[in-house]
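*Asks:* this is a predicted model, with the sequence first.
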Amino acid sequence: MRITFNDAQSRDLGRELRANIKKFNCIDGEISIDHNVIQQLEKRFEGLSPKDQAIHFADVKWKMFGVHASQVQANVSKLAPITNFDKAPVLLGTKEGVDFIIEIHSNKHELFVQALNIDKGGVSSNIAEALRLLDLPSNLISIHGNGPIALLQENLLMSAGIDTSKLFRVNARDSYIHPCYLFSYENSETKKIEKEEYWIVQTRQPFDKETIDRLTEKIKEACKLNPKEALVLPSMQPAGASEGYFAKVVDIATESENPVLLNPKQYDDARGMFKQLFTHGKINFLKPNINEFVKFLRYVEPGIIYDSDENERQKEKELTERIGKQDFKEVIDFASQLIHQSNPDLNLIISFGKYGAIAISRKGMVYINAPSIESISSNGCSSGAGDSGLASVVAKIREANIDLRSALNEADLEKINEAFIYAASATASLPGNQIADKKRIGDLRNAFKLNPIVQKLS
């Protein structure tokens with residue numbers, strides 16, 4: 001939910017935020033708060049102790065914006081969840097909080113807080129909402145605290161028609177706020193307004209073994225009650241879980257014949273996640289964007305290694321340009337190595353933004369270009385396009401009785417890639433963190449005919 005501020009509020013909040021940023025960055029005297037200062041704040045915050053991080057959050061986030069969050073809770077309209085079903089996909093969420101997207105603008109003299117966008121946050125919550133908008137149920141098992149932020153989060157989930165009865169409640173602490181500064185400024189050379197996003201993420205306190213064990217039992221119970229339904233993993237482990245935790249969850253899903261899906265979201269610990277999900281556990285479906293795909297390639301034998309972030313970005317650019325020219329060879333080669341080294345039955349959708357996506361298994365490859373529409377959501381901190389696409393994949397495998405636990409043939413790859421493209425594109429055409437509903441996706445499907453390129457691999 002987006003809250004806009006009038007001129008006086010925008011200026012007052014901007015002055016308060018400016019003073020806090022200067023204090024936090026140890027800046028004396030007058031200085032323009034530009035994107036370099038915000039970037040310095042982001043990096044400095046990462047090195048703080050959890051205690052000092054908490055002080056900063058208390059001073060800025062809740063004191064400044066808590067009253068506006070209360071307005072959200074008072075005015076939220078709730079969509080009824082779907083509760084009459086036999087089985088449903090299982091979604092595990094570990095983000096523990098809500099996103100505060102703080103839209104700020106800077107000129108040479110002042111800082112203005114233009115709007116506050118409050119979102120329920122997290123891949124799993126987005127997928128649960130996307131499924132609800134497709135008239136499908138889900139079992140969301142999301143870590144949930146006890147306090148004003150947790151109450152706000154629950155209200156946001158309920159407003160999206162998400163059943164909150166299965167939330168994993170941890171009473172020892174409140175949920176977190178995950179702020180993102182969406183910073184806009186005028187480029188001095190081009191005179192155009194530029195936008196950059198900076199996440200100021202608080203270090204999560206680890207749970208004890210007893211809490212982790214209770215969460216594991218809840219996951220096991222959900223998988224047993226929903227056999228063969230998709231299990232969608234979050235983009236991070238629960239705080240305090242052992243290194244091999246996700247591999248253990250995959251083993252639980254395997255016992256109940258639940259296909260395991262993952263949207264990786266740029267793992268910081270790509271090596272550790274690769275080891276867990278591809279060596280110890282047999283994940284069935286992976287949906288990286290091109291940036292995330294290149295990160296995983298650092299750890300593919302015989303050694304596709306980029307020794308710097310700059311080289312990684314260059315490889316990402318090269319692969320994207322080749323896809324734009326419909327040259328798929330290198331991406332197919334890299335994906336085939338990834339499949340060979342990990343799980344021979346792995347299925348992937350690799351997304352390339354405006355250039356569409358490739359669905360691939362050891363059996364075949366299907367490329368589909370994206371519809372020619374204006375992408376709006378990419379201008380914000382919390383785009384749910386990929387999550388919406390993944391939800392449509394979950395819906396399609398249920399509808400068409402597709403077994404993701406096996407390598408898919410070209411026909412099934414085309415079905416899931418088409419579902420992904422239409423849903424992701426429809427959501428990308430919406431502002432902020434809005435997610436496309438069934439009608440909007442259907443309208444896009446009627447307006448744009450896709451032309452898949454199919455290639456048999458084995």
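*Replies:* Right, received. Where do you want to start?
*Asks:* got the phi/psi numbers for residue 91?
*Replies:* phi -120, psi 120 (degrees, to the nearest 10).
*Asks:* host element of the closest residue to it other than its chain neighbours?
*Replies:* Excluding the flanking residues, the one nearest residue 91 by C-beta to C-beta, 6 or more residues apart in numbering is residue 124, at 4.2 Å. From N, CA and C alone the C-beta is placed, and that goes for glycine too. Secondary-structure element containing residue 124, defined by DSSP states H and E: helix 123-133.
*Asks:* what's in contact with that helix?
*Replies:* The contact list for helix 123-133 (C-beta atoms under 8 Å, 6 or more residues apart in numbering) reads 79, 81-82, 89, 91-93, 95, 120, 137-138, 140, 142, 157, 160-162, 232, 234-235, 263, 265, 384, 387-388, 390-392, 394-395, 423, 427, 435-438.
*Asks:* helices of the stretch 101-250 of the chain, start to end?
*Replies:* 123-133, 148-159, 209-225, 245-255 (DSSP state H, counting those that start in this stretch).
*Asks:* the strands in the stretch 301-450 of the chain, which residues?
*Replies:* Along the stretch 301-450 of the chain, counting by DSSP state E, counting those that start in this stretch, strands occupy 347-351, 357-360, 364-368.
*Asks:* winner for burial among those?
*Replies:* strand 357-360 (a mean of 28; mean count of other C-beta atoms under 10 Å).
*Asks:* okay, now the sheet partners of that one, with direction.
*Replies:* strand 347-351 (antiparallel), strand 364-368 (antiparallel) (DSSP bridges).
*Asks:* wait, which of the ones you listed is closest to residue 105?
*Replies:* Residue 105 lies closest, by C-beta to C-beta, to one member of the strands paired with strand 357-360: strand 347-351, at 30.1 Å.
*Asks:* give me the residues contacting the closest one.
*Replies:* By C-beta under 8 Å, 6+ apart, strand 347-351 touches 284-290, 293, 331, 335, 338-339, 357-361, 386, 389, 393, 404, 407-408, 413, 416-417, 420, 424.
*Asks:* flag the shaky bits of the chain, pLDDT-wise.
*Replies:* 25-31, 55-78, 266-281, 298-309, 375-383 (pLDDT under 70).
*Asks:* give me the most central residue, it.
*Replies:* Taking C-alpha atoms, centre = their mean, the centroid of the chain lies closest to residue 123, which sits 4.2 Å from it.
*Asks:* how near is it to residue 449?
*Replies:* 30 Å (C-beta to C-beta, to the nearest Å).
*Asks:* also residue 95?
*Replies:* Distance of residue 95 to residue 449, given as C-beta to C-beta: 37 Å.
*Asks:* which of the two has more neighbours?
*Replies:* The neighbour count for residue 95 versus residue 449, taken as other C-beta atoms under 10 Å, is higher for residue 95 (22 against 7).
*Asks:* who's in contact with the residue lying closest to that one once chain neighbours are set aside?
*Replies:* Spatial nearest neighbour of residue 95, excluding adjacent residues (C-beta to C-beta, 6+ apart): residue 122 at 3.6 Å. Counting by C-beta under 8 Å, 6+ apart, residue 122 touches 93, 94, 95, 142, 234.
*Asks:* name only those of those that count as buried.
*Replies:* Among the contacts of residue 122, those buried by neighbour count (16 or more other C-beta atoms under 10 Å) are 93, 94, 95, 142, 234.
*Asks:* the first one contacts residue 140, correct?
*Replies:* Yes. Under the contact definition of C-beta atoms under 8 Å, residue 93 touches residue 140, with a separation of 6.3 Å.
*Asks:* distance to residue 172 added to the helices of the stretch 101-250 of the chain, as JSON lines?
*Replies:* Below are the helices of the stretch 101-250 of the chain laid out as JSON lines (distance: least, C-beta to C-beta, whole Å):
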{"stretch": "helix 123-133", "distance to residue 172": "22"}
{"stretch": "helix 148-159", "distance to residue 172": "11"}
{"stretch": "helix 209-225", "distance to residue 172": "8"}
{"stretch": "helix 245-255", "distance to residue 172": "20"}
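*Asks:* what's the closest of those helices to residue 32?
*Replies:* Comparing those by C-beta to C-beta, helix 148-159 comes nearest, at 32.2 Å.
*Asks:* show me what counts as buried in the closest one.
*Replies:* 149, 150, 151, 152, 153, 154, 155, 156, 157, 158, 159.
*Asks:* quick check: nearest residue in space to the first one, chain neighbours excluded?
*Replies:* By the measure of C-beta to C-beta, 6+ apart, the closest residue to residue 149 outside its immediate chain neighbours is residue 175, 4.5 Å from it.
*Asks:* next up, the contacts around the one you found.
*Replies:* Counting by C-beta under 8 Å, 6+ apart, residue 175 makes contact with 96, 97, 98, 144, 145, 147, 149, 150, 153.
*Asks:* could you redo the last one with a cut-off of 6 Å?
*Replies:* 96, 97, 145, 149, 150, 153 (C-beta atoms under 6 Å, 6 or more residues apart in numbering).
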